[in-house]
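> my questions are about this predicted structure, shown below with the sequence.
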Amino acid sequence: MLSLARRRRSVREYNPEPIDLRDVLYAIQVALEAPSGANRQPWIFIVIDDEETKRKLRDECEKWEKKLHESTAIPEWFRSWLKKRGITWRKRFLTDAPILVAVLAYKKAPYARESTWLAIGYLLLALEERGLASLTYTPSNPRAVARMLGVPDDYTLEAIIPVGKPAVEKEKEPRHTVREKVYYNAWGKALPSVLIMPH
């Protein structure tokens, strides 16, 4: 599991070659095993491989992304982060990736968002296990995009996950260490060195 987690990275450029839908359904089956508040399992997954639907989704997403990127509401640190990584309002991955998975949460369930993102975490690692790249993308206007898919108002679109083979190899972003991110018994108290695994 640790090797899968270390290997997995967010991919924005996809090879459009087809992938086996059964691999995606396997990953969703893994996601369905995630824990959830009161075991309500508030998630719904929509698997999309229709080219016209993907094109319409991309058009809708880009319309709202362009407004966001041009607004003054984006903090300067975030604008710099986006620029450094070459991330713009254009979302080619929505049409380049052979399959998209829209993940929805039932708003009235307890801890619906938290539970659904737990399932997304399971999904990402299962996709990695099958050798498939992914990205968690939440549109700037999730409701508008959800309406395009006929989603009822009592569900929220949490993410659209493009799935496929990467077009280019991408290095994983640097990660913090256990020593940097874990305290022991109280805030600020370091873990004993004997407990820390070698990286």
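Great, that's in hand. Residues are numbered from 1 along each chain as shown.

> who's in contact with residue 35?
Contact analysis of residue 35 by Cβ atoms under 8 Å, 6 or more residues apart in numbering lists 115, 118. C-beta here means a position set from N, CA and C on the backbone, and glycine is covered the same way.

> likewise the one 4 residues further on?
With contact taken as Cβ under 8 Å, 6+ apart, residue 39 is in contact with no other residue.

> can you give me phi and psi for it?
Dihedral angles of residue 39 (phi, psi; degrees, to the nearest 10) stand at phi 50, psi 40.

> just the pLDDT for it.
Looking at residue 39, its pLDDT is 97.

> do a quick rundown of the helices in the chain.
For the chain, applying DSSP state H gives helices covering 2-7, 21-31, 51-70, 76-84, 93-96, 112-129, 142-148, 178-181.

> residues of the third one that come out buried?
Right, the one you point to is helix 51-70. Neighbour-count burial for helix 51-70, counted by 16 or more other Cβ atoms under 10 Å, picks out 54, 56-58, 60-62, 64-65, 69.

> any chance of the residues you listed in TSV, plus distance to residue 121 and pLDDT?
Listed next are the buried residues of helix 51-70 as TSV, based on distance: Cβ to Cβ, whole Å; pLDDT from 0 to 100:
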residue	distance to residue 121	pLDDT
54	24	98
56	28	97
57	23	97
58	25	97
60	26	96
61	23	96
62	27	95
64	26	91
65	24	90
69	28	84
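
> chain neighbours aside, what residue packs nearest to the most centrally placed residue in the chain?
Centrality entry for the chain: nearest residue to the mean C-alpha point is residue 136, 1.7 Å, by Cα atoms, centre = their mean. Closest residue to residue 136 apart from its sequence neighbours, by Cβ to Cβ, 6 or more residues apart in numbering: residue 159 at 4.9 Å.

> and what of residue 171?
Among residues not flanking residue 171 along the chain, residue 9 sits closest, at 7.3 Å (Cβ to Cβ, 6+ apart).

> and the one you found, how far is that from residue 195?
Using Cβ to Cβ, to the nearest Å, residue 9 is found at 27 Å from residue 195.

> more crowded one of the two?
residue 9 (15 against 10; other Cβ atoms under 10 Å).

> residue ranges in this protein under the pLDDT threshold?
The chain contains residues with pLDDT under 70 at 199.

> mind running it again at 80?
Scanning the chain for pLDDT under 80 picks out the ranges 72-73, 196-199.

> regarding it, what is its longest strand?
strand 155-166 (DSSP state E).

> returning to that earlier point: how about the buried residues of helix 51-70 in CSV, adding distance to residue 37?
Output for the buried residues of helix 51-70, formatted as CSV (distance: Cβ to Cβ, whole Å):
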residue, distance to residue 37
54, 32
56, 33
57, 29
58, 33
60, 30
61, 29
62, 34
64, 29
65, 31
69, 34
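
> about what we covered before: export the helices of the chain as TSV, with columns for distance to residue 168.
Conversion of the helices of the chain to TSV gives the following (distance: least, Cβ to Cβ, whole Å):
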stretch	distance to residue 168
helix 2-7	16
helix 21-31	21
helix 51-70	20
helix 76-84	17
helix 93-96	12
helix 112-129	17
helix 142-148	27
helix 178-181	30
